[in-house]
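Chemist: Give me a model of this one.
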Amino acid sequence: MRHTRNLECGMSFSQHLVLWLHVAFVIFTIGPVTLAIMSTPRHIRKRDIRILRYLSRMTVVFGIASLGVLIVGIVLSSMIGKAGKPWIIISETLFVVSVLLLGLIHRDQRRAIKALETATSAAAHAATAAGPPADLVTSSAAGQLPGEPASHPADAEGAQNAGLDQTAVADAPADGEQPPATSGQAADAAAIPTHLANVERGRIAMMGGVVTVIWLVVLVLMVWNS
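Modeler: Okay, the predicted model is just below:
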């Protein structure tokens, strides 16, 4: 601490200005981007696509802005004559690695968002493939409203048979066409992108932890050698 106070007392106004600019970049860029990458896995688990898009934009914006920490740090180390110190070189190298990891995290965020969008579309298709309730289909095929009694049993049976015949003809696939997907097939299709999103969630959590550890190491090096 005494060495730090002596260093600050020996700094000029311009050096103090660059130092405070360096601290401001750390507070207003490293903090938000850390919050964004650490919050992403939780919202992937919740399948909140809207929030994930916002976190992805935060990662890009504040990740690029965090380069100001590196640039201002290099300028400050040159101004105080410590640019060639080993701990400065190690800190700069670790920071570059963390920025590269932020790029990979943003890529995985976009992959997770795309996978969740695909899963949501497949789930909507599964709900559509399930069709209307059975009683509504039977009543419509019989030519009457739901809950309305038939005028005569024989007429109702004949109308129902005629309606079923027309439904079978209408639903029969044309030559060369594939039958519509069932709800079970659509649900299976939704399970694959959901699994991919969970894989990306694990990767983001792992790399986010590595980035946080790197920044803590850089902070310790800066404080210890200041």
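Chemist: is it true that G208 touches A36?
Modeler: No. Counting by Cβ atoms under 8 Å, no contact exists between G208 and A36, whose distance comes to 9.1 Å. Where C-beta positions appear, they are placed from N, C-alpha and C, glycine not excepted.
Chemist: other SSEs contacting the longest helix anywhere in the chain?
Modeler: For the chain, the helix reaching the highest residue count under DSSP state H is reported as helix 86-130. Under the contact criterion of 3 or more Cβ pairs under 8 Å, 6 or more residues apart in numbering; DSSP states H and E, the helices and strands touching helix 86-130 comprise helix 31-46, helix 49-65, helix 67-79, helix 183-225.
Chemist: weakest of those helices in terms of mean pLDDT?
Modeler: Least confident of the helices and strands packed on helix 86-130, judged by mean pLDDT, is helix 183-225 with a mean of 84.
Chemist: So which elements touch that one?
Modeler: Against helix 183-225 (3+ Cβ pairs under 8 Å, 6+ apart) you get helix 31-46, helix 86-130.
Chemist: Check which residues of stretch 46-55 are buried.
Modeler: Judged by neighbour count using 16 or more other Cβ atoms under 10 Å, the buried positions of stretch 46-55 are 49, 52, 55.
Chemist: quick one: the longest helix of the chain to helix 49-65, angle?
Modeler: Angle between the axes of helix 86-130 and helix 49-65 is 160 degrees (criterion: axes from the mean of the first three to the mean of the last three Cα atoms, to 10 degrees).
Chemist: what is the mean pLDDT for helix 86-130?
Modeler: Confidence over helix 86-130, taken as the mean pLDDT, stands at 90.
Chemist: any idea how far R53 is from I71?
Modeler: I71 sits at a distance of 29 Å from R53 (criterion: Cβ to Cβ, to the nearest Å).
Chemist: Distance to L221 for the helices and strands packed on helix 183-225 - can I get that in CSV?
Modeler: Output for the helices and strands packed on helix 183-225, formatted as CSV (distance: least, Cβ to Cβ, whole Å):
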stretch, distance to L221
helix 31-46, 18
helix 86-130, 5
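Chemist: how about CSV for the helices and strands packed on helix 86-130, with distance to A123 added?
Modeler: Written out in CSV, the entries for the helices and strands packed on helix 86-130 read as follows (distance: least, Cβ to Cβ, whole Å):
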stretch, distance to A123
helix 31-46, 15
helix 49-65, 12
helix 67-79, 40
helix 183-225, 5
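Chemist: out of the ones you listed, nearest to L94?
Modeler: Nearest to L94 among the helices and strands packed on helix 86-130 is helix 183-225 (5.0 Å), distances taken as Cβ to Cβ.
Chemist: Helix 49-65 and the closest one, what's the angle between them?
Modeler: Using the same axes, to 10 degrees: helix 183-225 against helix 49-65 is 30 degrees.
Chemist: tilt between helix 183-225 and helix 31-46?
Modeler: Using the same axes, to 10 degrees, the inter-axis angle of helix 183-225 relative to helix 31-46 is 160 degrees.
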